[in-house]
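Novice: I need the structure of the sequence given here:
(one chain, ligands or ions: 2)
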Amino acid sequence: MSSPNTTGAGRYTTVFRDGLFDGQVIVVTGGGSGIGRCTAHELCRLGASVALIGRRVERLEAVRGELAVHGGEASVHACDIRDEDAVRASVAAVRAEHGRIDGLVNNAGGQFPAPLEKISANGWDAVVRTNLTGGFLMAREVYSQQLHATGGSIVNIIADIWGGMPTMGHSGAARAGMLNLTETAACEWAAAGVRVNAVAPGWIASSGFDTYDEAMQAELRRLKDKVPLGRYGTEAEVSAAIVFLLSPAAAFISGSCVRVDGAVPNNRHTWNGPVSTRSVPFDGFPLATMPTALREYGSDDS
Ligand SMILES: CCCCCCCCC/C=C/C(=O)SCCNC(=O)CCNC(=O)[C@H](O)C(C)(C)COP(=O)(O)OP(=O)(O)OC[C@H]1O[C@@H](n2cnc3c(N)ncnc32)[C@H](O)[C@@H]1OP(=O)(O)O
Ligand SMILES: NC(=O)C1=CN([C@@H]2O[C@H](COP(=O)(O)OP(=O)(O)OC[C@H]3O[C@@H](n4cnc5c(N)ncnc54)[C@H](OP(=O)(O)O)[C@@H]3O)[C@@H](O)[C@H]2O)C=CC1
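Specialist: Numbers count the residues shown, from 1 in each chain. Ligands and ions are numbered 1, 2, ... in the order given. Reported below is the predicted structural model:
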């Protein structure tokens, strides 16, 4: 399998049809790295313009530069999604620059590993505001400023929270809240023609892994043996689920959550069967766009 060439001569490889998002404007939070960056590439490949939101403007600008190589149009908006005024202003800026918004990928997020008893109130707040409040603010503003009038689609990125999220309890609680928010918004905003869904990535070999220290990374390498499909997921596989939910193929899907996790939550402790002895790739997809993470965690058979 080859890596999608996002910076060189090749265009992003996608299983979706050309022009699927022609003329659309999609906001991607956390678009400066990892899953958000990959999603921005795929959406631009399919004809969308993207608005990239994140705290570090230089990373957003770098992605805008990558997209421009193949004619992709992107705007850059430095914004901490926990800051209500900044979110309001950023969404207004997207509308001012692009004239419309058709969709939101609520992807920005993250956390630090810690047992519950070691999490300070500030640490809890920082993570809950990042993974729940920020997503709510983004969705509320995109809906209020645009989608209530025109319809559209929102995809909220959560995590593998099923049965708890040991060592990341603050994040698990916040993401569970985001799932419930997804379900509520799917009802409240349906009459306006707005669909709201979630994608729950499992262990994805993305730049996100690089934020963890060596002990955690060693633990993650060990955990690969718990994945029934025998490998980590790739950014591209998460992006494909996001793109599907944004697309007309999902026109009757709202309030749902698509798990992209190689069946990890189904690997029950009462089951002693083997996980796959080889990684099980889907050949149609390109591999993730962060070669550092790929080399280290081995999304391929190596
Ligand atoms: C094992 C198997 C698992 C197996 C499970 C593994 C599954 C992995 C699946 C998930 C993968 C991903 O999400 S990958 C994506 C990863 N990407 C990210 O996490 C990027 C975004 N993250 C962040 O920005 C930060 O983590 C986050 C804390 C949310 C926000 O940062 P801020 O700069 O706003 O926060 P700060 O001001 O630095 O700190 C606020 C408070 O949080 C505390 N805090 C911050 N980092 C801390 C830390 N490492 N340890 C303790 N406490 C910490 C500080 O001490 C402060 O509390 P006081 O000291 O009391 O004031
Ligand atoms: N990789 C994995 O295995 C999994 C990832 N996820 C989730 O998927 C999403 C993408 O993760 P991934 O690409 O792997 O990791 P990254 O760390 O590469 O991506 C996180 C992105 O969110 C942005 N971000 C974080 N906090 C804020 C904030 N307060 N305001 C604005 N932007 C913010 C970051 O940019 P900046 O720092 O510049 O603001 C960064 O671009 C995250 O929500 C992550 O938690 C869930 C499960 C598993």
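Novice: for the protein, longest helix please?
Specialist: The residue-count maximum for a helix in the chain (DSSP state H) belongs to helix 169-188.
Novice: Show me what counts as buried in that helix.
Specialist: By neighbour count with 16 or more other Cβ atoms under 10 Å, helix 169-188 contains the buried residues 169-179, 181-183, 185-186. The C-beta positions use only the backbone N, C-alpha and C, and glycine is treated the same way.
Novice: which one among the residues you listed gets closest to Ile158?
Specialist: Distance to Ile158, by Cβ to Cβ, is smallest for Arg175 among the buried residues of helix 169-188, at 4.0 Å.
Novice: From ligand 1, how far off is the closest residue to the closest one other than its chain neighbours?
Specialist: Distance criterion Cβ to Cβ, 6 or more residues apart in numbering; nearest residue to Arg175, sequence neighbours excluded, is Ile158 at 4.0 Å. Going from Ile158 to ligand 1 by Cβ to the nearest ligand atom, to the nearest Å gives 10 Å.
Novice: Does Ile158 touch Met178 like I think?
Specialist: Yes: shown here, Ile158 and Met178 form a contact pair, counting by Cβ atoms under 8 Å, at 5.2 Å.
Novice: What count of nearby residues applies to the residue nearest to Arg175?
Specialist: Ile158: 26 surrounding residues under other Cβ atoms under 10 Å.
Novice: Does stretch 27-38 reach ligand 1?
Specialist: No: applying Cβ under 6 Å from any ligand atom, one finds stretch 27-38 out of contact with ligand 1, separated by at least 6.9 Å.
Novice: any idea how far that stretch is from the chain center?
Specialist: Counting by Cα atoms, centre = their mean, to the nearest Å, stretch 27-38 is centred 7 Å from the centre of its parent chain.
Novice: Next: stretch 44-55.
Specialist: Relative to the centre of its chain, stretch 44-55 is centred 13 Å away, using Cα atoms, centre = their mean.
Novice: Same question for stretch 187-206.
Specialist: 10 Å.
Novice: when you give positions from now on, start the count at 19
Specialist: Got it, the first residue is 19 from now on, which makes the last one we talked about stretch 205-224.
Novice: Now do the contacts for the closest residue to ligand 1 within the stretch 169-318 of the chain.
Specialist: Proximity of the stretch 169-318 of the chain to ligand 1 (Cβ to the nearest ligand atom) peaks at Gly226, 2.4 Å away. By Cβ atoms under 8 Å, 6 or more residues apart in numbering, the contact set of Gly226 is Ser51, Gly52, Ile53, Gly128.
Novice: Next, count neighbours for the residue lying closest to Val123 once chain neighbours are set aside.
Specialist: In space, and not counting its chain neighbours, Val123 is closest to Val46: 4.5 Å by Cβ to Cβ, 6+ apart. By other Cβ under 10 Å, the residues close to Val46 number 30.
Novice: and for the helix or strand hosting Val46, what are the contacting residues?
Specialist: Per DSSP states H and E: Val46 is located in strand 43-47. Contact with strand 43-47 is made by 54, 57-58, 61, 66-72, 99, 109, 112, 116-126, 152, 156, 160, 264, as judged by Cβ under 8 Å, 6+ apart.
Novice: Would you map the strands across the stretch 19-168 of the chain?
Specialist: Remark: strands assigned in the stretch 19-168 of the chain by DSSP state E, counting those that start in this stretch are 43-47, 67-72, 92-96, 121-124.
Novice: Report whether the shortest one contacts ligand 2.
Specialist: No: no part of strand 121-124 sits near ligand 2 under the criterion Cβ under 6 Å from any ligand atom; the closest distance found is 8.4 Å.
Novice: got the contact list for that strand?
Specialist: By Cβ under 8 Å, 6+ apart, the residues outside strand 121-124 that reach it are 42-47, 54, 57, 153, 156-157, 160, 165, 170-175, 196, 260, 264.
Novice: Now do that strand: distance to the chain's middle.
Specialist: From the chain centre to the centre of strand 121-124 is a distance of 9 Å (Cα atoms, centre = their mean).
Novice: Sheet partners, orientation included, of it?
Specialist: In the sheet, strand 121-124 lines up against strand 43-47 (parallel), strand 170-175 (parallel) (DSSP bridges).
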